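> sequence unknown, structure follows:
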């Protein structure tokens, strides 16, 4: 009987058709790619055109303190010597491979540790990366913003050069290539071309099977209806599921960076379904995906036409003046601003405020700071003025760069090198359903809050002729942060506990910005 594990058979006709289709797509997409080259120095919200000056400053500082470079070189030498010794001992069977799961998810395939050669490649890369980054971080005298930017983009460079990202140095890809006769690379090339076409010449990495979900059918399924709309939003009222309902309604203000249904992905992890099942009458703001017509819509407009308009409609619909509220991320920042606005007017309609992964004090925003220095903000504002908005993909790219290994390179390996089909994942489907940002609103948000941190200062910003002072908020507040949040670091969200004057409860959840919030109790992420 023939062995079933035979080498793959090549179908020359099918292969020729596949290559012809790839060639045809490549020709069209190359034209689009070339047309986008003037924007080549733009990475999401960032502008790297001035990065050369930052690296020049780094080199200058290194030259004035060569001890840092020398120390890094000595440490690299001894670390590399240790790797050579370990590899030699393994090759001579004098040492067993190191046990235990890998600390770095890029190297989780068994061959990275079981095969002495790939173990050597992996360890050599890791010590070189450590040496480079430590030399940069130990260099003294640089401007803080420049140092952060250099460190961030060096990490992008180091992550890109990981041996896991290349065919010849990734054992999993090599095995797949040999077993499939190279079909994985052909499928990967097709996936790459599809993503380039979807991004109109810019790479828009597909993170999940976008055809696996249909709104209202197997995602965003909680029944509800639109009861009001204006230029910026529609207000959804969800159907009740209990015989009796609580007297006080619940208003949810989601971020307008993505679509409204983040808290209603599937029944198993739908906070909205859970809230309805607890007897809450739930209302959710569904923000518009703005175009150039809404370029002048401001943060103030989002407050007036968003939560303030919703409060009026909910009171008319239910007869209840007192309302519980939830704000998620940017929606939480808007909710806090709205609560301060109402407090200044002695308006007590907000009975409680829950903030999911929300920043109101922007003193320390993590790696997001690399995108908001004066030069980059000016460049971003010029780009937004041309269109009237920030392109959705620019915001998505910026967020993905904050966790490049998880949100960029893992998909490059899976989609383009292994040629695998994407796995259906509701959270990544929602994450890919991003929206644009009006130019006036986004400029105000980045400058007044991220760059100048004026929201945390009493009277620092004014909305609808009312100075905003968060310390006037006496509404009970519940603050949920997540331990691994790369967008709203939990230490920064905690700062809000010192700003509000009312009773505050702070809870630190596991996981990150999305999974740590939407995961139901009892999930692998904890709660």
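Sure thing, it's come through. Only a predicted model underlies this, so the values are computations on that prediction, with no experimental measurement involved.
> surely residue 218 touches residue 266?
Yes - applying C-beta atoms under 8 Å, one finds residue 218 in contact with residue 266, separated by 7.1 Å. (Each C-beta comes from the backbone N, C-alpha and C, glycine too.)
> longest helix in this protein, please.
Of all segments of type helix in the chain, defined using DSSP state H, the longest is helix 66-91.
> show me what counts as buried in that one.
Of the residues in helix 66-91, those buried by neighbour count under the rule 16 or more other C-beta atoms under 10 Å are 68, 72, 76, 79, 83, 86-87, 90.
> now those in TSV, with distance to residue 330?
Written out in TSV, the entries for the buried residues of helix 66-91 read as follows (distance: C-beta to C-beta, whole Å):
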residue	distance to residue 330
68	39
72	40
76	42
79	43
83	45
86	48
87	49
90	51
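> can you tell me which one of those sits lowest on pLDDT?
Note: of the buried residues of helix 66-91, the lowest pLDDT belongs to residue 68, at 77.
> which SS class is the most centrally placed residue in the chain?
A centroid search over the chain (C-alpha atoms, centre = their mean) returns residue 399, at 3.7 Å, as the residue closest to the centre. When the structure is reduced to helix, strand and coil (DSSP: H, G, I helix; E, B strand; the rest coil), residue 399 reads as helix.
> hmm, it is touching residue 512, no?
No - taking contact to mean C-beta under 8 Å, the distance of 11.1 Å between residue 399 and residue 512 leaves them out of contact.
> quick revisit: between the buried residues of helix 66-91, which is nearest residue 144?
Closest approach between the buried residues of helix 66-91 and residue 144, by C-beta to C-beta: residue 68, at 17.3 Å.
> let me see the contact set for that closest one.
Applying C-beta atoms under 8 Å, 6 or more residues apart in numbering to residue 68 gives the contacts 62, 135, 138-140.
> one more time with 6 Å, if that's ok
Applying C-beta atoms under 6 Å, 6 or more residues apart in numbering, we find residue 68 in contact with 135, 138-139.
> which non-adjacent residue is nearest it?
The spatially closest residue to residue 68, leaving aside those adjacent along the chain, is residue 138, at 4.9 Å (C-beta to C-beta, 6 or more residues apart in numbering).
> what about the one you found, how many residues nearby?
Each residue near residue 138 was counted by other C-beta atoms under 10 Å, and the total is 14.
> can you report phi and psi for residue 290?
Backbone geometry at residue 290, expressed as degrees, to the nearest 10, gives phi -70, psi 150.
> I figured it hits residue 439, correct?
No - in terms of C-beta atoms under 6 Å, residue 290 does not count as a neighbour of residue 439; the distance is 9.1 Å.
> looking at those two, which one has more neighbours?
The residue with more neighbours, out of residue 290 and residue 439 and counting by other C-beta under 10 Å, is residue 439; that gives 25 against 22.
> burial count for the nearest residue to that one once chain neighbours are set aside?
With C-beta to C-beta, 6+ apart as the criterion, residue 439 has its nearest non-adjacent residue at 3.8 Å, and that residue is residue 384. By the measure other C-beta under 10 Å, the count of residues near residue 384 is 23.
> and residue 384, that's in a helix?
Yes - assessed with three-state DSSP, residue 384 lies in a helix.
> the chain should start at 221 in everything you say after this.
Okay, residue one is now 221; in that scheme the one you just asked about reads as residue 604.
> pretty sure it sits against residue 615.
No - in this structure, residue 604 sits apart from residue 615 without contact. The criterion is C-beta under 6 Å, and the distance is 11.3 Å.
> re the thing from before, relative to residue 291, how far out is the residue nearest to the centre of the chain?
Using C-beta to C-beta, to the nearest Å, residue 619 is found at 35 Å from residue 291.
> report the buried residues of stretch 417-426.
Within stretch 417-426, the residues that qualify as buried by neighbour count (16+ other C-beta under 10 Å) are 419, 421-422, 424-426.
> swap in stretch 437-449?
Along stretch 437-449, these residues count as buried under the neighbour rule (16+ other C-beta under 10 Å): 439-442, 444, 448.
> re earlier: for the residue nearest to residue 659, give me the pLDDT.
pLDDT, the model's per-residue confidence, is 94 for residue 604.
> and it, how far from residue 512?
In this structure, residue 604 lies at 10 Å from residue 512, with C-beta to C-beta as the measure.
> next: residue 501.
On the measure of C-beta to C-beta, residue 501 and residue 512 end up 37 Å apart.
> those two: who's more crowded?
residue 501 (23 against 13).
> report the rounded mean pLDDT for stretch 696-707.
96.
> can you list the weak-confidence ranges in this protein?
Counting by pLDDT under 70, the chain contains low-confidence residues at 221-270, 314-321, 746-747.
> can you give me the helices in the stretch 521-670 of the chain?
With DSSP state H, counting those that start in this stretch as the definition, the stretch 521-670 of the chain shows helices at residue ranges 529-538, 550-564, 594-607, 612-622, 624, 630-631, 646-652, 659-664.
> go through the ones you listed and name the closest to residue 588.
It's helix 612-622; of these, that one is closest to residue 588 (C-beta to C-beta) at 7.0 Å.
> residues making contact with the closest one?
Residues from elsewhere that reach helix 612-622 (C-beta under 6 Å, 6+ apart): 264-265, 477, 587, 591, 627-628, 654-656, 706.
> switch those residues over to a markdown table; also include neighbour count and distance to residue 345.
Formatted as a markdown table, these follow (neighbours: other C-beta atoms under 10 Å; distance: C-beta to C-beta, whole Å):
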| residue | neighbour count | distance to residue 345 |
| --- | --- | --- |
| 264 | 19 | 26 |
| 265 | 26 | 29 |
| 477 | 22 | 34 |
| 587 | 18 | 22 |
| 591 | 23 | 27 |
| 627 | 19 | 20 |
| 628 | 19 | 17 |
| 654 | 18 | 32 |
| 655 | 19 | 38 |
| 656 | 24 | 38 |
| 706 | 18 | 23 |
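> what's the closest of those residues to residue 562?
Proximity of the contacts of helix 612-622 to residue 562 (C-beta to C-beta) peaks at residue 477, which lies at 24.2 Å.
> and the closest one, what is it in contact with?
Residues in contact with residue 477, defined by C-beta under 6 Å, 6+ apart, are residue 615.
> recalculate using a threshold of 7 Å.
Applying C-beta atoms under 7 Å, 6 or more residues apart in numbering to residue 477 gives the contacts 550, 615, 654-655.
> next: residue 295.
The contact partners of residue 295, by C-beta under 7 Å, 6+ apart, come to residue 351.
> residue 448 now?
Residue 448 makes contact with 455, 533 under the criterion C-beta under 7 Å, 6+ apart.
> so it, which of the three states?
Of the three states, residue 448 takes strand under three-state DSSP.
> for residue 687, which non-adjacent residue is spatially closest?
Counting by C-beta to C-beta, 6+ apart, the nearest residue to residue 687 once its immediate chain neighbours are dropped is residue 679, at 3.9 Å.
> list the contacts for residue 456?
Applying C-beta under 7 Å, 6+ apart, the residues contacting residue 456 are 444, 446, 503-504, 506.
> and which of those is nearest residue 539?
Among these, residue 503 lies closest to residue 539 (C-beta to C-beta), at 13.9 Å.
> closest to residue 596 out of the buried residues of helix 286-311?
Nearest to residue 596 among those, counting by C-beta to C-beta, is residue 288 at 27.1 Å.
> can you map out the strands along the stretch 221-370 of the chain?
For the stretch 221-370 of the chain, strands defined by DSSP state E, counting those that start in this stretch occupy the ranges 262-263, 266-267.
> got CSV for the contacts of residue 288, with distance to residue 632 too?
What follows is the contacts of residue 288, written out as CSV (distance: C-beta to C-beta, whole Å):
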residue, distance to residue 632
355, 27
358, 31
359, 30
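> closest one of those to residue 402?
When the contacts of residue 288 are compared for distance to residue 402 (C-beta to C-beta), residue 355 comes out closest, at 39.6 Å.
> for the nearest residue to that closest one once chain neighbours are set aside, list the residues it contacts.
Nearest-residue entry for residue 355: residue 292, 3.8 Å, with adjacent residues in sequence omitted and distances by C-beta to C-beta, 6+ apart. By C-beta under 7 Å, 6+ apart, residue 292 lies in contact with 351, 354-355.
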